[in-house]
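> Any chance you could fold what I've pasted below:
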Amino acid sequence: PDSTALAAVETMTNNRLRHIPVIGSKGFDKLGNPIQPRVLGVISIGELLKSVLAEARCEIHQLEGYIHGDAEYSAEEHVSGHSNDVKVETREQRDEASSAK
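Okay, the predicted model is just below:
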């Protein structure tokens with residue numbers, strides 16, 4: 001959860017991975033090892049790329065507004081039209097969704 005979407009895409013691309021686990025923990029010990037790590041879900045490269053592209057589009061729109069002197073521009077207005085949230089579901093949520101079908 002602490003890595004950025006772009007860093008995750010780079011890791012996945014460099015290692016030829018299509019999916020990676022999202023792991024959470026209760027912190028880190030003195031050696032830097034996670035305390036009680038657990039898998040929170042799995043995320044695909046497609047989901048991450050959607051997020052990275054939405055962020056890039058928002059930044060481009062913001063910079064264009066700045067260049068053109070658009071004083072009325074609000075980043076929130078632009079972002080509200082895009083879904084750049086990455087959805088991570090737990091195994092339980094995935095199992096519930098598949099059993100409901």
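> Next, count neighbours for the closest residue to Ser25 other than its chain neighbours.
When the adjacent residues along the chain are set aside, Ser25 lies closest to Pro34, with 3.6 Å between them (C-beta to C-beta, 6 or more residues apart in numbering). C-betas here are computed from N, CA, C, even on glycine. Residues contacting Pro34 under the criterion other C-beta atoms under 10 Å number 13.
> Name all residues that make contact with Pro34.
When the contact criterion is C-beta atoms under 8 Å, 6 or more residues apart in numbering, the partners of Pro34 are Ile23, Ser25, Lys26, Gly27, Phe28.
> Closest to Ile43 out of those?
Ile23 (10.9 Å; C-beta to C-beta).
> Test my guess that that closest one contacts Ile35.
No: using C-beta atoms under 8 Å, Ile23 and Ile35 do not qualify as a contacting pair, with a distance of 11.9 Å.
> Any idea what the residue nearest to Ser25 is bridged to?
Phe28 (DSSP bridges).
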